[in-house]
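**Student:** Sequence unavailable; structure follows:
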């Protein structure tokens, strides 16, 4: 929808500049997607030509074998897609709530416990107990192994996001607004819910985007905590096959008896087809978030 | 927007609740299983962790086939966790270090020393003779020695191709085309001449190398003493037991000179130092195994229709070769006797072995009229080589010859390394080992693929190794070797 | 604003505390509880059969800084430190400048639809794993079959061994970093730009400001807080590198290109294989953590001196 009011029209860049910018961006965009096209071409190359010639931009022969292979596994793929969507949705929602609540609290300078909670957020950004102790706490103490929560909870909060949130709230909800609202009898919950959050649509969209993409890409949690095949996320499933293959090829020392299993591995083309499935859907979801980067959300006139 | 938010929240709550319910049921199942195990007389459930493709889809059905049989024979039920190859490193480290309970764990030479040093594995030196006497007799004495550290045994080795043989592997069609007498080409000099002929005729790079390059030269001639550092070793047949750097050995350097020449002439692919061991067609390459593998594994994997393998140097048995596959028992295992009995059963009873190797009968495989095995599908995710010996696995009906016979023969003919049974105690030199390893990793690809001139290169490498403390390691190793004589 | 004159606990403090508590619980469970694992860096970790992890950690022998030796005594320490810090500084500066510039430009385009398309497509590289990106790079740089060498050979020149030539790698790595992260880095600036109060622009236009001046006097200053925040956050990770970028693309960060490509993370990965005690890996991470801690506190303090509002701590 064209948002051209009279002001925007007046304040535009020159048409020639627009053309220059567009050309520049087209070139940059092409540089970004050429590798993806390359991957796609590999995924439709025939096995024989991959074996003889390796990767090429224009293979000797084409074949849809890779995608047919994936179709055969469609049931599992769809199930894991379901898991991914569940994890991503719940995780993003939870993450946004937890992050923005904390960010708001930290943005209030007069908050007595501000330094205390700032430390709580800051220290984990720097110090990490390590993979094994996290594993022990998550499995032995909280019994998260083989549940969706192992995929959701460890990733829903990040200090990085909280700092972004805090900075945003600090910049966009000045003390004056808060004070006048309080004079009107509002408590912080109301200010947070009624003023802060609606105002923060672009920031929430940003954090939601980071969280969503983070969940989509994650395979590490599954690899450590999930053995139940019903609970794999999409990325974990596809990535697992990819990493199995990698491990085999990078470790010839593991011995000949292991090489028997290479016969049953999906071939090069299939791996690339999987990469395509991982990349395309989620990248195309970007406009959904971008919708919320709208302007004009200001606190309005607050005199004095 | 508000409605959507509400909807999302309700969904979240609903899903959250169902997840919790699911979680709860799982715990119930676990307690039920444990309860029944404790309840019904003496049936013990053993947890066995292996590497493979992942948990098989028909795992439950498979359990129902194997558990009753195991129960009947030795009063044991089994619970497997098959960790996918890609996750193996991380998951292992976690299992071993976090104190998570298991009974039997697959291990190999890469990790065995570290795991024993950390204290994760049980000393079964005496127990194995009592509880698994049949198994003990079946595996040669040599191998038990090789699997021991400082005289104590911590894992049961898998009796398969436990001696290592390296091969020159050819695409027979091309070799014949240029009348190469491949059967008698068993050294790098002759190899050079042969491959040059092929290159002149066919073009391209007939000798396809991955980044591991010609490092079979180190493994064929030298024992690594369990230090896990290639630049430390003793020659297999060196009675004086002098600790040296295999890369600087004259015999090795001579052959590396030829490899370097091959690289420069384009006989070896120019991207060798970056390549992985992918499933690519290649006219010639080297690998470890047995000659029958040319028909069963190397040919099919690499798209070579007619593939032959010629032995290169001797078959060696050393600690490293025997430890390619082992099963260790947890130092905190509650039923080590039963665990050993299970391992014995797997290695001696064909029915159990087949179930582990091929999958569920009727689903993944079936027996034909001759008692041989016919595979019904390729869906079985467990890795046969991690479980037990190959020698009691029932033959495939489609096999023209029994490749395990050849493996047995090679094992019997093997030359034993002079350092068989010796492991270096690395606790005093961990720092130097880490830094030397970093230096080795830095240079190994370019060295072994002949990408750089070897004699000059080894000087640079040795200099950096020395700066990283190589000589300290060497001295410590020599001290221990001399003390063990 | 310095002194805390208020010493009375107010109702609003309680409200804010309530808002902060759920997240704090999360931090306790997922960050602070596991933090005892940091001790492993100082211990010779051993397992006693049948005992819990916590028992093992506390009963293992204390060996002080011995686990740190390998890193401190390494002859390559200077190279890996230099590479890590330098690359990160270049990444931060170039990455930020490029992200901001593109964000501003995209925001100025006539067609909103086109700008959405550009943003979406620029995101694709973020989802590509480094392993896959390495295949792509190899298609160009491969000694035998790469596109570049083929072009050189066709033009009568000799092929170059790109993977053994250290001087080109800084450019390759910086380029690939920008390729992968710009789409992602832009997001925060894009969302911030759109939050800028439009009335400011209206006032500026009335005062006769052209586009360039608007950017200089309105857009950039409005982004000041965000830019500084991102800068401090990134500086707080300056001793860490994206392992995939340095290791996968260069096919191992080794050999002739080591001096140009190796970072702390790749060095530690190569030095400590699975047969090394876990204390050493833990020590390496601890070293990076402490170094980053110092850096971020210093950066934050400097910023505080200049403009106390923008500091994040």
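**Tutor:** That came in fine, so what should we check first? As the structure is a prediction and not an experimental result, all values here were calculated from the model.
**Student:** what's the neighbour count on residue C:174?
**Tutor:** 15 (other CB atoms under 10 Å in any protein chain shown). Yep, even glycine has a C-beta here, placed from its N, CA and C like the rest.
**Student:** Please verify my assumption that it contacts residue C:91.
**Tutor:** Yes: Residue C:174 lies in contact with residue C:91 (CB atoms under 8 Å); the separation is 7.1 Å.
**Student:** Tell me how many other residues crowd the closest residue to residue C:301 other than its chain neighbours.
**Tutor:** Closest residue to residue C:301 in three dimensions, ignoring its sequence neighbours and counting by CB to CB, 6 or more residues apart in numbering or on different chains: residue C:311, at 7.8 Å. By the criterion of other CB under 10 Å, residue C:311 has 17 neighbours.
**Student:** Contact partners for residue C:311?
**Tutor:** C:232, C:300-301, C:303-304 (CB atoms under 8 Å, 6 or more residues apart in numbering or on different chains).
**Student:** Residue of chain A nearest chain B, please.
**Tutor:** Closest residue of chain A to chain B, CB to the nearest CB: residue A:243 (2.7 Å).
**Student:** tell me the secondary structure for residue C:41?
**Tutor:** helix (DSSP: H, G, I helix; E, B strand; the rest coil).
**Student:** whoops, I mixed them up, residue C:102
**Tutor:** Going by three-state DSSP: residue C:102 is helix.
**Student:** picking up where we left off before, helix/strand/coil for the residue of chain A closest to chain B?
**Tutor:** helix.
**Student:** Which per-residue confidence value corresponds to the residue in the stretch 151-300 of chain C that chain A sits nearest to?
**Tutor:** Nearest residue of the stretch 151-300 of chain C to chain A: residue C:191, at 4.0 Å (CB to the nearest CB). At residue C:191, the model reports a pLDDT of 85.
**Student:** Could you chop the chain up by domain?
**Tutor:** No chain was given, so I picked chain A. Per the record, chain A has its domains at A:2-65, A:74-253, by automatic domain parsing.
**Student:** Chain C was what I was after
**Tutor:** Per automatic domain parsing, the structural domains of chain C span C:11-64, C:68-306.
**Student:** mean confidence score for stretch B:380-399?
**Tutor:** In this model, stretch B:380-399 has an average pLDDT of 83.
**Student:** Which residues in that stretch does the neighbour count mark as buried?
**Tutor:** Across stretch B:380-399, burial judged by 16 or more other CB atoms under 10 Å in any protein chain shown covers B:380-394, B:396.
**Student:** ok, now stretch A:92-112?
**Tutor:** Those would be A:92-108, A:111-112, for stretch A:92-112 by 16+ other CB under 10 Å.
**Student:** Tell me which of the domains of chain C sits nearest to residue B:87.
**Tutor:** Of all those, the one in closest proximity to residue B:87, counting by CB to CB, is domain C:68-306 (13.2 Å).
**Student:** just to revisit the earlier point, what sits against the closest residue in space to the residue of chain A closest to chain B that isn't next to it in sequence?
**Tutor:** Excluding the flanking residues, the one nearest residue A:243 by CB to CB, 6+ apart is residue B:86, at 2.7 Å. With contact taken as CB under 8 Å, 6+ apart, residue B:86 is in contact with A:223, A:239-244, A:246-247.
**Student:** any idea which of those has the most stuff around it?
**Tutor:** residue A:239 (26 neighbours).
**Student:** burial measure for residue C:216, as a count.
**Tutor:** Residues near residue C:216, counting by other CB under 10 Å: 12.
**Student:** Let me fix that, I meant to ask about residue A:91.
**Tutor:** Neighbour tally, residue A:91, other CB under 10 Å: 24.
**Student:** For the nearest residue to it once chain neighbours are set aside, pull up the helix or strand it's in.
**Tutor:** Counting by CB to CB, 6+ apart, residue A:91 lies nearest to residue A:152, which is 4.4 Å off, once chain neighbours are set aside. Using DSSP states H and E, residue A:152 sits in helix A:149-152.
**Student:** just checking, next helix/strand downstream of that helix?
**Tutor:** From helix A:149-152, the next helix or strand downstream (DSSP H and E) is helix A:159-172.
**Student:** Check which helices and strands the helix or strand following that next one sits against.
**Tutor:** Counting by DSSP H and E, the next helix or strand C-terminal to helix A:159-172 is helix A:175-183. Judged by 3 or more CB pairs under 8 Å, 6 or more residues apart in numbering or on different chains; DSSP states H and E, helix A:175-183 has no packing partners among the helices and strands.
**Student:** Okay, buried residues for helix A:175-183 please.
**Tutor:** A:177-178, A:181.
**Student:** and if you look at stretch C:117-126?
**Tutor:** For stretch C:117-126, using 16+ other CB under 10 Å, the buried residues are C:118-126.
**Student:** tell me, what residue is most central in chain A?
**Tutor:** residue A:213 (1.1 Å; CA atoms, centre = their mean).
**Student:** surely that one meets residue C:124?
**Tutor:** No: counting by CB under 8 Å, residue A:213 stays clear of residue C:124, with 11.9 Å between them.
**Student:** For chain C, what is the nearest residue in chain A?
**Tutor:** For chain A, CB to the nearest CB, closest residue to chain C: residue A:133, 2.9 Å.
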